[in-house]
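S.K.: here is my input; please provide its structure:
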Amino acid sequence: MNPIEELKRRLSNYTEEQIIIKEHAFVRGIIRQICEEEIKTNIRNPERLQYAIRQEARHAHEEKYDCYFDYGKNQCHRYVLVINRNCIVCTVIKINRRWQEYAERKAKGGQQ
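M.R.: Numbering: from 1, shown residues only. Take a look at the predicted model:
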């Protein structure tokens, strides 16, 4: 199975209670006009997920991903997620410019 499809499958299995939005991500979401419900919807129904770049996690039992959720050519949401028993949202960013090339370059440098 494609790594992105595998991640989509795993994300869709989390319940709303298992998605934890850290205080930093919550505050950044408010500043960037991304509501908590939209974040949880994107994670539980990851059809918008286009890129997931694996990053180094702090602990052996965790996985960390830099995820890009597509809203069009000029807009996406970028979430940094740590996955273990729960899905922890570390930060959220709204990108309002052409973002695909940036994500593709970053994906080639890391793992997708």
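S.K.: neighbours of residue 96, just the number please.
M.R.: Using other C-beta atoms under 10 Å, residue 96 is surrounded by 10 other residues. C-beta coordinates here come from the backbone N, C-alpha and C atoms, glycine included.
S.K.: chain neighbours aside, what residue packs nearest to it?
M.R.: If the residues on either side of it in the chain are set aside, residue 96 comes closest to residue 75, at 5.5 Å by C-beta to C-beta, 6 or more residues apart in numbering.
S.K.: the one you found: neighbour count?
M.R.: Counted with other C-beta under 10 Å, residues neighbouring residue 75 total 14.
S.K.: which residue ranges form the strands in this protein?
M.R.: Along the chain, counting by DSSP state E, strands occupy 19-21, 49-55, 63-70, 76-83, 87-95.
S.K.: now do the phi/psi pair for residue 59.
M.R.: phi -120, psi 150 (degrees, to the nearest 10).
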